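Engineer: Predicted model and sequence follow; I will ask about them next.
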Amino acid sequence: MEGKKYSGGELARALQQELLQRPSPDIIGIVKKSDREDHVALSLNGCRHWLHIPTNMIMDAEQIGFSRCGDHGHPLMKLSMEEPKSSEARVFLALLGQLQPRLTGPGSFAAQSFGDCYKGWRDKGFSRLTSVINCL
C-alpha cells in the first residue's frame, strides 16, 4: 500500500484495520556491489565499513538519492527487509529501525561532506563537539 493517498476517513479506517503496519523497519543506507555472490554491500556510516546482505533478505529497494564519498559516490537506498525468522533478529532489526533517524539525519553519510554535516548539526542548535561527533 506504499505510495497510496488517503482521505482522512480512509486513513482512519486503514489504521483501525491495521492495514498500514510493517513487520520490520526500512533500512536507509548506501550500497555498492558485493564481492559475494547473491549479496549487496550496505553501509550505514560512510564508505569505510560495509555489511554484505544476502539478496533474499531484501524484499524491495528504492533509490532515494546519491551520496558523495570522497572522490566517488554511492546510491542512497531505502531497503525493505523480509520479516526476520527469529525473535532475536526481530529485536535487532527493531533496534536498527530506532537508530535510523540518527543515521540518516544531518550527521550521516547522506550529508554531502563533513562541512555540510557539521553545519547541519550546528544549524539545529547542537554544540560544536556534538556536531563533530555526529559527523564522524
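Structural biologist: Yes, it's here. Numbering: from 1, shown residues only.
Engineer: how far out from the middle of the chain is the longest strand along the chain?
Structural biologist: For the chain, the longest strand by residue count, based on DSSP state E, is strand 58-69. Counting by C-alpha atoms, centre = their mean, to the nearest Å, strand 58-69 is centred 9 Å from the centre of its parent chain.
Engineer: now swap in stretch 8-26 and tell me
Structural biologist: 21 Å.
Engineer: you'd agree Thr55 is up against Val40?
Structural biologist: Yes. Counting by C-beta atoms under 8 Å, Val40 is a contact partner of Thr55 at 6.0 Å. In short, each C-beta sits where N, CA and C put it, glycine included.
Engineer: what's the overlap in contacts for those two?
Structural biologist: Listed contacts common to Thr55 and Val40 are nil; contacts here mean C-beta atoms under 8 Å, 6 or more residues apart in numbering.
Engineer: what about the residue nearest the centre of the chain, distance to Glu18?
Structural biologist: Central residue of the chain (C-alpha atoms, centre = their mean): Ile28, 1.6 Å from the mean position. Using C-beta to C-beta, to the nearest Å, we find Ile28 at a distance of 24 Å from Glu18.
Engineer: Of Thr55 and Val40, which one has the most company?
Structural biologist: Legend: neighbour count by other C-beta atoms under 10 Å for Thr55 and Val40, higher for Val40 (21 against 12).
Engineer: Mind telling me what element that one is part of?
Structural biologist: strand 39-43 (DSSP states H and E).
Engineer: That strand packs against which elements?
Structural biologist: Here strand 39-43 touches strand 26-33, strand 51-54, strand 72-81, going by 3 or more C-beta pairs under 8 Å, 6 or more residues apart in numbering; DSSP states H and E.
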